[in-house]
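Chemist: how does the following fold in three dimensions:
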Amino acid sequence: MVDLSVTYAGLKLKSPVLVSSSGLTSSVSRIKKIAEAGAGAVVLKSLFEEQIQFEIGNMETGGDYPEAADYLQAYARENSVNSYLELIRDAKAAVDIPVIASVNCHSSSEWVDFTVQMEEAGADAIELNIYYIANDRKKDPREYEQTYLRIVEEVKKKVSIPVIVKLGLHFTNLTWMADQLAIRGAAALVLFNRFYAPDINTDDFTMGSAEVLSTPADIRTSLRWVGILSSEVPNIDISAYTGVHNGLGAVKQILAGAEAVQVCSVLYRNGVDYLREIVGEVKTWMEKKKYESVAEFRGKMSYGSIEDPASYERAQFIKYFSKMH
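Modeler: Take a look at the predicted model:
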């Protein structure tokens, strides 16, 4: 009998497949469908720091971009902190899987106090979706890194539930950062955050957004770092995110050392019920390989488990192209 249950960030999950923070997780009706389809947990759509700042009266209302301020205030009015807390409570009452609250943040200001209310509302954990574009040439890179660490420290002072950090890729030493976050009490990392990416319209010279949804090929980067960090920083759990579009993609990330995987783009393309296929494919693969539990194969192909760990470190294509004629 195949057992799909795992432990992630101290939470007991019936499946290693989570649905990530997105519009898919913004209503109780959708969250119920997600649970019924086999998700191990759900990460609620993010509550944005700017939104919270408005609630506590700290949002800028003027400046050079009044339209942007008006938009943020309108957004905040329609999506208040109280509404978010209600979503947590209603989701917890509706499903029997862990409900993880998500905060999209870039500072360690007063908004941190609201994580206490999230815990009181019943959230099983908090995922910090920290975002930064490090583009200030006068700013020491260490200042950016310290902001991440300071946010985790401040939240850990406030709550007793697990704190998860959703990271971007662009760190000089990602292994160091993961280790420092673990030291400060982060229970898990999500690899990697998909930031908004700009695009240029060459016909009318306007700015727009690049493709938002991921593709199966996007698994490459997260797979490398899941494999490395799961071995080099064993005291923090990892949820692989970006590029998992089927059950075998989930299996690959677990083999690399992930405790769990998060899916999103593939559900936008195929519908929430496609989650059943992803979970079912993981189960079928386990039965074929005669694994009774996820723990039996997790990390089997991690950086520290394979004969040639340099496979994860290789940065050039020389070895590959040298074989081509």
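
Chemist: identify the residue nearest residue 172 in space, chain neighbours excluded?
Modeler: residue 141 (6.6 Å; Cβ to Cβ, 6 or more residues apart in numbering). C-beta: built from backbone N, CA, C; applies to glycine.

Chemist: distance-wise, check that neighbour relative to residue 147.
Modeler: 11 Å (Cβ to Cβ, to the nearest Å).

Chemist: identify the residues contacting residue 211.
Modeler: Listed by Cβ atoms under 8 Å, 6 or more residues apart in numbering, the contact partners of residue 211 are residue 197.

Chemist: same check, this time on the one 10 residues further on
Modeler: For residue 221, the residues meeting the contact criterion (Cβ under 8 Å, 6+ apart) are 169, 192, 242, 243.

Chemist: what do you get if the cut-off is 7 Å, keeping everything else the same?
Modeler: 169, 192 (Cβ atoms under 7 Å, 6 or more residues apart in numbering).

Chemist: what's the helix or strand for it?
Modeler: helix 219-232 (DSSP states H and E).

Chemist: so the next helix or strand after that helix versus helix 219-232, what angle?
Modeler: Next along the chain after helix 219-232, taking DSSP H and E as the criterion, comes strand 237-241. Orientation of strand 237-241 against helix 219-232 (axes from the mean of the first three to the mean of the last three Cα atoms, to 10 degrees) gives an angle of 180 degrees.

Chemist: what is strand 237-241 packed up against?
Modeler: Contacts defined by 3 or more Cβ pairs under 7 Å, 6 or more residues apart in numbering; DSSP states H and E place strand 237-241 against strand 188-191, helix 219-232, strand 260-263.

Chemist: sheet partners, orientation included, of the first one?
Modeler: Partner strands for strand 188-191, per DSSP bridges, with pairing direction: strand 163-167 (parallel), strand 237-241 (parallel).

Chemist: one more: the last one?
Modeler: Strands that pair with strand 260-263, judged by DSSP bridges, come out as strand 17-19 (parallel), strand 237-241 (parallel).

Chemist: and the next element down the chain from it?
Modeler: With DSSP H and E, the next secondary element past strand 260-263 is helix 265-270.

Chemist: just give me the neighbour total for residue 136.
Modeler: Look at residue 136: counted by other Cβ atoms under 10 Å, it has 10 neighbours.

Chemist: wait, is it part of a helix?
Modeler: No. According to DSSP: H, G, I helix; E, B strand; the rest coil, the state of residue 136 is coil, so it is not within a helix.

Chemist: next one: the residue most central in space within the chain from residue 138, what distance?
Modeler: Closest to where the C-alpha atoms of the chain average out (Cα atoms, centre = their mean) is residue 190, at 4.0 Å. Using Cβ to Cβ, we find residue 190 at a distance of 30 Å from residue 138.

Chemist: do the same with residue 8
Modeler: Distance from residue 8 to residue 138, by Cβ to Cβ: 40 Å.

Chemist: the two: who's more crowded?
Modeler: residue 8 (25 against 4).

Chemist: hey, what's the more buried one bridged with?
Modeler: Counting by DSSP bridges, the residues bridging with residue 8 are residue 11.

Chemist: thought it was touching residue 236?
Modeler: No. Assessed by Cβ atoms under 7 Å, residue 8 is found out of contact with residue 236, at 11.1 Å.

Chemist: residues touching residue 41, list them.
Modeler: So, once contact is read as Cβ under 7 Å, 6+ apart, residue 41 ends up touching 11, 13, 18, 97, 98, 100.

Chemist: make it 10 Å
Modeler: Residue 41 makes contacts with 6, 8-9, 11-19, 34-35, 95, 97-100, 124-125, 239, 260, 262, as judged by Cβ atoms under 10 Å, 6 or more residues apart in numbering.

Chemist: equivalent analysis for residue 120, please.
Modeler: 85, 88, 89, 159.

Chemist: okay, the residues you listed in JSON lines with pLDDT next?
Modeler: Listed next are the contacts of residue 120 as JSON lines, based on pLDDT from 0 to 100:
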{"residue": "85", "pLDDT": "93"}
{"residue": "88", "pLDDT": "97"}
{"residue": "89", "pLDDT": "97"}
{"residue": "159", "pLDDT": "95"}
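
Chemist: what about the residue lying closest to residue 156 once chain neighbours are set aside, neighbour count?
Modeler: Setting aside the residues directly before and after it, residue 156 is nearest to residue 185 in space (Cβ to Cβ, 6+ apart), at 4.3 Å. When neighbours are counted by other Cβ under 10 Å, residue 185 registers 14.

Chemist: cool, and the one 3 residues further on?
Modeler: Residue 188 is flanked by 26 other residues according to other Cβ under 10 Å.

Chemist: ok, it touching residue 163?
Modeler: Yes. Between residue 188 and residue 163 there is a contact under Cβ atoms under 10 Å: 8.4 Å.
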